[in-house]
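1. have a look at this fold, sequence not included:
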């Protein structure tokens, strides 16, 4: 078991790939420490998280792309596997509209730290998946922006061509 959090830069400034401090596996199963405030702060993640959220979805469900101008998110996959896309939506940034992607799973236990002004969305690759994220603000739907998952101006690549979408995410509801 490790007592440090490994944090790696990604192509998008501010977005970090995080390896949690503890992962243990034996004949009984696995144990993962998903968050430890002191260890994460020592690793440079000084975000004050105030809310945890979980969504469950089936294969080929695509949720997002959503974000706002105030919320940090720490995203994990508790069960299954999904493809996560993160888009820089900060118009003052030289990386505005640039994106990166990750495959997260309950086997890798990797996490992604997403800053404010970035949108994120995911599509489920396994039969079912559990998406978990810590937030630095309380949920406020009115503050959020939604980006089209297939906006040609963004040029996003998704591993699924015909995802299952909500009305909000398919663009039929603002």
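-> Alright, I've got the coordinates. Remember, predicted model here, so these are calculated numbers, not experimental data.
2. quick one: mean pLDDT over stretch 103-116.
-> Here stretch 103-116 scores 97 as its mean pLDDT.
3. er, stretch 6-14 I mean
-> 97.
4. ok, now stretch 42-56?
-> Rounded mean pLDDT across stretch 42-56 is 97.
5. buried by neighbour count: which residues of that stretch qualify?
-> Under the neighbour-count criterion of 16 or more other C-beta atoms under 10 Å, stretch 42-56 has 43, 45, 47, 49 buried. Yep, even glycine has a C-beta here, placed from its N, CA and C like the rest.
6. could you tell me which of the residues you listed belong to strands?
-> The strands, defined by DSSP state E, take in nothing from the buried residues of stretch 42-56.
7. OK, contacts around the spatially most central residue of the chain?
-> Nearest to the geometric centre of the chain sits residue 75, at 3.9 Å (C-alpha atoms, centre = their mean). Neighbour list for residue 75: 84, 104, 111, 112, 113, 114, 120, 122, 131, 132, 133 [criterion: C-beta atoms under 8 Å, 6 or more residues apart in numbering].
8. I'd say the fourth one and residue 17 touch.
-> Yes: under the criterion of C-beta atoms under 8 Å, residue 112 lies in contact with residue 17, with a separation of 6.1 Å.
9. who has more neighbours out of the two?
-> Applying other C-beta atoms under 10 Å to residue 112 and residue 17 shows that residue 112 carries more neighbours, namely 23 against 16.
10. that one sits in which helix or strand?
-> If you go by DSSP states H and E, residue 112 is part of strand 111-114.
11. contact partners of the next helix or strand after that strand?
-> Scanning forward in sequence from strand 111-114 by DSSP H and E, the next helix or strand is strand 118-124. Residues outside strand 118-124 that contact it (C-beta under 8 Å, 6+ apart) are 12, 14-15, 57-67, 73, 75, 80-90, 104, 112, 114, 131, 145-147, 149, 158-160, 163, 169.
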